[in-house]
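**Q** no sequence for this one, just the structure:
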C-alpha cells in the first residue's frame, strides 16, 4: 500500500547527499523509527602503474634504493612496497598530531638519482584515498633546488603528475638561476598537511 506521495506507508527510503532533500508527507502519516545504513561499496577495477611510451624508468622504488625520510615539522615514515600488480612503489606516511609549527606542517622523503641532460619532464604516479597536495623537488649538479607543486584528487586510483624540467620553476641555492644544470642528483617528495585536516596544535 502506498500513500499519495507514492512511498510505502511502512517505510520511506531516502538517499542522503550533501544538498538539502525535501519530501512531501501525506496528511495522517506518522513517522517513527529512523535507521541509517552505509552505502554498499562498489568494487573498482585495480589499475597497474604504467610507464608511458618512450619514457625511461629511473627505478626510484626498486629494492635497495637509498631513500631518506625527514620528519621536518611532522612525523611518519617512507617505505618501499609493491602495488596491486606487483610493481615497486614508495609509501610515504605522515603524522602531524604532535606538530608545534605555526605554518602548514610537512614531511619529506629524498633519494639520489642520476638524470642526464636531455630529459624534459618527469612523470610521477601517485594515489591516495583523500585529496592531497604534493610538492616535488629536484636538486641539480650545482646544488640548486627546483620545486614543483601538484595535487591528486583522492580517488584511490593512480593519478599522473608531470614535472617539467625545461621550464623555469621555483628555485634556490646553488647557481640559483632557474635553469636545471644536469645531471640531476636527487629528488625530494614533500607532503604537507592535507586540505581540511586538522592537528591539535594548529
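**A** Yep, that arrived. Keep in mind that what you see is a predicted model, and the values were worked out from it rather than measured.
**Q** Please identify the buried residues of stretch 178-185?
**A** For stretch 178-185, a neighbour-count test (16 or more other CB atoms under 10 Å) marks 180-181, 184-185 as buried. (Glycine included, C-beta is placed from N, CA and C.)
**Q** which of the residues you listed sit farthest apart?
**A** Using CB to CB, the buried residues of stretch 178-185 span at most 10.8 Å, a distance reached by 180 and 185.
**Q** what residues are shared contacts of these two?
**A** By CB atoms under 8 Å, 6 or more residues apart in numbering, residue 180 and residue 185 have these common neighbours: residue 140.
**Q** TSV for the buried residues of stretch 178-185, including pLDDT and secondary structure?
**A** Listed next are the buried residues of stretch 178-185 as TSV, based on pLDDT from 0 to 100; DSSP: H, G, I helix; E, B strand; the rest coil:
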residue	pLDDT	secondary structure
180	96	coil
181	97	coil
184	97	strand
185	97	strand
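**Q** show me where the chain has strands.
**A** If DSSP state E is used as the criterion, the strands of the chain fall at 68-70, 75-82, 88-95, 106-115, 121-126, 132-139, 145-152, 159-164, 170-172, 184-192.
**Q** Kindly reformat these as TSV containing distance to residue 61.
**A** Formatted as TSV, the strands of the chain follow (distance: least, CB to CB, whole Å):
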stretch	distance to residue 61
strand 68-70	14
strand 75-82	6
strand 88-95	4
strand 106-115	9
strand 121-126	10
strand 132-139	15
strand 145-152	17
strand 159-164	15
strand 170-172	25
strand 184-192	11
